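A.B. asks: Here is a sequence together with a model predicted from it:
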Amino acid sequence: MDRIWWRFFSGFLAMASFVASSTPIFEATQPRGLDFTHQNSPTPQKYLIETMGGGVALLDYNNDGLLDIFLVNSGKLTSPMPTPENFSRHQPLYWNRLLRQDRDGSFTDVTAAAGLSNAGDGNYGMGVAVGDYDNDGYPDVYVTSYGKNILYHNNGNGTFTDVTAKAGVAGGGWSVSAGFFDYDNDGKLDLFVTRYMDWDFKHSKTCGGEWHTYCPPEEFPATTNILYHNNGDGTFTDVSQQSGIAAKKGRALGVAFADYDEDGFTDIFVANDGMQQYLFHNNGNGTFTERGLEAGAALSEDGRRLSGMGVVFQDYDNDGRPDIIVTELPREIYGVYHNEGGGSFSYRSLETGLGMLSSGSSGWGVGLEDFDNDGWKDLFVAQGHVLDNVEQIDPSLRYREMPLLAINQRGRFQKSDAGVNSPVVGRGAAFGDLNNDGWQDVVMTVLGGRPQVFLNHGGKQHWLIVNLRGTRSNRDGLGARVRVNGQTRIATTAGSYLSASDKRLHFGLGPAGTAKVEILWPSGTRQTLSDVHADQILEIREPERP
Amino acid sequence: MIGALLFLFLAAQSPSPEVLQHMQAGAEAEKNRRFEVAIAEFRKVTELEPMVPSGFVSLGQAYLENHDYSGAILPLKQALKLDPDLLPAHRLLGYALLAQGHSAEALPHLEKAQDAAALGIAQLESGQLQEAVTNLQAALAKHPNDPDLLYYFGRASGLLSKQSIDTLLATYPDSARAHQAMAENYYVLRQMPQAEKEFQQAIGLRPEMPKLHLELGLVYAGTSQWPKAEEAFRAETKLQPGNAEAAYRLGHALLQEGRIPEARAELVRADKLQPEMPETLYSLGKAASLSGDNASAEKAWLKVVEIEKESDLAAQAHFALAALYRKQGKTEDEEREMAKFKQLQHTAAPP
């Protein structure tokens, strides 16, 4: 009798669990005022840049407590392209856009008023990085492009100034994802810029024979990434050569930062397309050593090269160490590199269940965020193939895809409904709490389309959002390791693909009404706060003295 | 050789000094690849000795070497009139006729000459595919790496296969085998939805037929539809519990689904059914490693590199061993395996 009852009961539980997980976490919305359509201008020439953009940033540019949205546009392409290249970025259709969030959740386009309308006619836009490089309390914006990159200094009065020339960070070539971080712990944010390949219109070509497709990355020469050191006077120095970063050529698309070996210096993971991934270990003396292969984070479990695109460098299994998840093309499963400690990683795509969820998909922007506030970081991936005609070439693949939402159940990921009805060509993704309700939201860009905003429905679990205020460390506290009730987050705005997320750190607390917060600041200062009330956005100031 | 025959024959006949002179001049010209001269000299020989068949054979050969196949036919036929059993004449006439596209006419001569390679090609051109495959296979046994023979053998086998399938499709278009054949064709062309449909129709007609579920599973595996692949492979293992490949495929699919203990059990079963299969051992190592059984993982991967020295699979096994030793803190072993992996990656893996 007992056994029969138990079987009935467990069946009921399974059904209840299915019903619960089938309720979408998000509502895909188009908030009022979010009027933007990405312009990639596809051509018959299949210029590779057309299928790679564009990025999105979530930042509070005016410090009003509400996250604003910055969207990177690409530009106008013609066939053939004239010389010198002109992408018509002066035309409003091709502007990047800054959308200020208003109190009612709507958005107002403040691009022109903020001085961001001129993206440069010679720049085909790609991605965005956000960081307060001059520690003045206002987030600055760095926009990457095919062409020249632009650093916009936030003047603190709702406007920005293009300081690229003075700062010396224009780069050149084809820049993709970028990110601010403090590699030498001097309290000033440095800048890392990935570059995809040595490509230009003169050397563009199409592949695929009769199918006429975008060429794979191997068709073009690899190139170097750029590391800029922040001099603290509004200028940067290109230290790519002396730091060892330029010693490794690659085909980089994504970048993320974390101190994976707990030596007190932030390391760099670069997602490379069609080759081994790079893990640049920070030697602590201004130089880096690429250790991907030795650390077990360069290839698939079978030793195969990967089409690395987006990347996130956070702890998915709550063991306190940052892990790496890399998004890839179909037939290559998304790579999960579990941090084993001691500077090494093990490949865990299969046992985390992510292998099964990703083998037929093309992943780009990616984030590990606790969307259901249960204390375990879930996974969101923007998806959509590179080739617009992939369905003709391989009918089992899809150009447009739903984003992947995978709920983390104690280290194993299970697919969940992302709340969207129609597939799109996803690219960038940025994460943050748009409405400050304690539940993480997502903004995803769509190639040649309108961005999608995924507003979290919320629930009953508790949460805590930590806003770091560095004093001895960089003001944003980027690079800090924050532990809350057994969960660890690395403070960063970088990661994903072409995108920058909210600098604030979000923690789901489950049923806990209070939290213990432990911070290891980049300066080395340790700080602990006990009995912190849940359900608040808490600013934590770094002690002036250790 | 023909020239030598001619010399021997004429020496026995005590030819005139004039014949000998033309014969020697022809042979010399042929040696120096001056075939027009050789043809003129051997023609003189045939005019002076019209009843000697080997003179016509030499003339025919000179024509052949000059790529004048039609010119070769008449003297070679004349040689056979004089001596119907002259094997060199049969062989050369067979070649000439085959080169001229008269494959059916060439067949009896090549049969007589017992030239398996040329006979096989003539049979292929005449549509006698079964016989062509047999003869070309025999020729390949003597010259295993001859590219021409490999080409003709491949072509003959392919056409024979197509012929057989065409007959099947024409005679029993709605049979399970016809659907299976269509499905396999679609699979090769990577038209997976069509392949899936045809395999399912075949299974609907003869669900108990071996290999159908396995092949359907491969379609699903090829498109990373692992739960469906698992279902198909499981159906095959029920039909054929002793089929090692089905067990391996099922284990591999379960591994992709992250169902590690089930995968491992099935891979162990596959290994028992057919021991020392490198693919099974590699996956078995993976399953063991994912289960935390490092000793079994190491054992399986070491076996792979013992069996497969330089293949892509060997590279993978070295890489897996390096990762295993890294996890165990065995730096020296890790470095050794990584070095082997890097070495093999250069030779085995595509750039």
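C.D. replies: That came through, no problem. Source: prediction; values computed, not measured. Numbering: from 1, shown residues only, chains lettered A, B, ... in the order given.
A.B. asks: Three-state assignment for residue A:516, please.
C.D. replies: Here residue A:516 is strand, with the state taken from DSSP: H, G, I helix; E, B strand; the rest coil.
A.B. asks: Could you show which parts of the stretch 251-351 of chain B are in contact with chain A?
C.D. replies: Selection of the stretch 251-351 of chain B residues close to chain A by C-beta under 8 Å from any C-beta of the partner chain yields B:255-258, B:260, B:286, B:290, B:315-316, B:318-320, B:323, B:326-327, B:329, B:338, B:341, B:345, B:349, B:351. (Glycine included, C-beta is placed from N, CA and C.)
A.B. asks: just checking, which of those belong to helices?
C.D. replies: Judged by DSSP state H, those include B:255-256, B:260, B:286, B:290, B:315-316, B:318-320, B:323, B:326-327, B:338, B:341, B:345 as members of helices.
A.B. asks: So residue A:62 lies in a helix, does it not?
C.D. replies: No - read with three-state DSSP, residue A:62 is coil and lies in no helix.
A.B. asks: Please tell me I have it right and it contacts residue A:68.
C.D. replies: Yes - Residue A:62 is within contact range of residue A:68, at 7.2 Å (criterion: C-beta atoms under 8 Å).
A.B. asks: what do these two both touch?
C.D. replies: Shared contacts of residue A:62 and residue A:68, defined by C-beta atoms under 8 Å, 6 or more residues apart in numbering or on different chains, are found at residue A:100.
A.B. asks: Buried residues, the helix ranked longest in chain B. List them.
C.D. replies: If you go by DSSP H, chain B has its longest helix at helix B:147-171. Of all the residues in helix B:147-171, those buried under the rule 16 or more other C-beta atoms under 10 Å in any protein chain shown are B:149, B:152, B:153, B:156, B:157, B:160, B:165, B:168, B:169.
A.B. asks: give me the number of residues near the nearest residue to residue A:437 once chain neighbours are set aside?
C.D. replies: Spatially, and ignoring its direct neighbours in sequence, residue A:437 is nearest to residue A:458 (5.6 Å; C-beta to C-beta, 6 or more residues apart in numbering or on different chains). Residues lying near residue A:458 (other C-beta atoms under 10 Å in any protein chain shown) number 15.
A.B. asks: Kindly provide the distance from residue A:458 to chain B.
C.D. replies: Distance from residue A:458 to chain B, counting by C-beta to the nearest C-beta, to the nearest Å: 30 Å.
A.B. asks: you'd agree that residue is up against residue A:439?
C.D. replies: Yes - taking contacts as C-beta under 8 Å, residue A:458 lies within contact range of residue A:439: 4.3 Å.
A.B. asks: picking up where we left off before, export the buried residues of helix B:147-171 as JSON lines, with columns for distance to chain A.
C.D. replies: Listed next are the buried residues of helix B:147-171 as JSON lines, based on distance: C-beta to the nearest C-beta, whole Å:
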{"residue": "B:149", "distance to chain A": "31"}
{"residue": "B:152", "distance to chain A": "28"}
{"residue": "B:153", "distance to chain A": "29"}
{"residue": "B:156", "distance to chain A": "29"}
{"residue": "B:157", "distance to chain A": "27"}
{"residue": "B:160", "distance to chain A": "30"}
{"residue": "B:165", "distance to chain A": "23"}
{"residue": "B:168", "distance to chain A": "26"}
{"residue": "B:169", "distance to chain A": "23"}
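A.B. asks: can you list those residues in TSV and add distance to residue B:75 and pLDDT?
C.D. replies: What follows is the buried residues of helix B:147-171, written out as TSV (distance: C-beta to C-beta, whole Å; pLDDT from 0 to 100):
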residue	distance to residue B:75	pLDDT
B:149	29	93
B:152	28	94
B:153	32	94
B:156	31	93
B:157	36	92
B:160	36	90
B:165	44	88
B:168	47	90
B:169	48	89
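A.B. asks: Return the residues in contact with the residue of the stretch 151-300 of chain A found nearest chain B.
C.D. replies: Per C-beta to the nearest C-beta, residue A:296 is where the stretch 151-300 of chain A lies closest to chain B, at 5.4 Å. Residues near residue A:296 by C-beta under 8 Å, 6+ apart: A:337, A:340, A:344, A:345, A:346, A:347, B:323, B:326.
A.B. asks: And the residue nearest the centre of chain B?
C.D. replies: Here the mean C-alpha position of chain B is nearest to the C-alpha of residue B:154 (C-alpha atoms, centre = their mean), at a distance of 5.4 Å.
A.B. asks: check which helix or strand covers the closest residue to residue A:237 other than its chain neighbours.
C.D. replies: Once flanking residues are discounted, residue A:237 sits nearest to residue A:229: 4.8 Å by C-beta to C-beta, 6+ apart. Element membership for residue A:229, per DSSP states H and E: strand A:226-230.
A.B. asks: what about the helix or strand following that strand, average pLDDT?
C.D. replies: Note on strand A:226-230: by DSSP H and E, the next helix or strand toward the C-terminus is strand A:236-238. Summarised as a single mean, pLDDT over strand A:236-238 is 98.
A.B. asks: tell me what the helix or strand that strand A:236-238 is followed by is packed against?
C.D. replies: Tracing the chain past strand A:236-238, the next element assigned as helix or strand by DSSP H and E is helix A:240-243. In terms of contacts (3 or more C-beta pairs under 8 Å, 6 or more residues apart in numbering or on different chains; DSSP states H and E), helix A:240-243 is packed against strand A:226-230.
A.B. asks: hang on, residue A:404 packs against residue A:380?
C.D. replies: Yes - the criterion here is C-beta under 8 Å, and residue A:404 meets it with residue A:380 at 7.0 Å.
A.B. asks: Give me the more crowded residue out of these two.
C.D. replies: More crowded of residue A:404 and residue A:380, by other C-beta under 10 Å: residue A:380, with 26 against 23.
A.B. asks: strand partners of whichever strand or helix holds that one, parallel vs antiparallel please.
C.D. replies: Under the criterion of DSSP H and E, residue A:380 resides in strand A:378-383. Here strand A:378-383 is paired, per DSSP bridges, with strand A:363-369 (antiparallel), strand A:404-409 (antiparallel).
A.B. asks: Need the nearest residue in space to the residue in the stretch 251-351 of chain B positioned nearest to chain A, chain neighbours excluded.
C.D. replies: Closest contact between the stretch 251-351 of chain B and chain A, by C-beta to the nearest C-beta, is at residue B:319 (3.2 Å). In space, and not counting its chain neighbours, residue B:319 is closest to residue A:303: 3.2 Å by C-beta to C-beta, 6+ apart.
A.B. asks: Just to check, the residue of the stretch 251-351 of chain B closest to chain A is in contact with residue A:300?
C.D. replies: No - with contact defined as C-beta under 8 Å, residue B:319 does not count as touching residue A:300 (9.0 Å).
A.B. asks: which one of the two has more residues nearby?
C.D. replies: A direct count of neighbours by other C-beta under 10 Å for residue B:319 and residue A:300 places residue B:319 higher, at 26 against 19.
A.B. asks: Could you check the pLDDT of that one?
C.D. replies: Predicted confidence (pLDDT) for residue B:319: 96.
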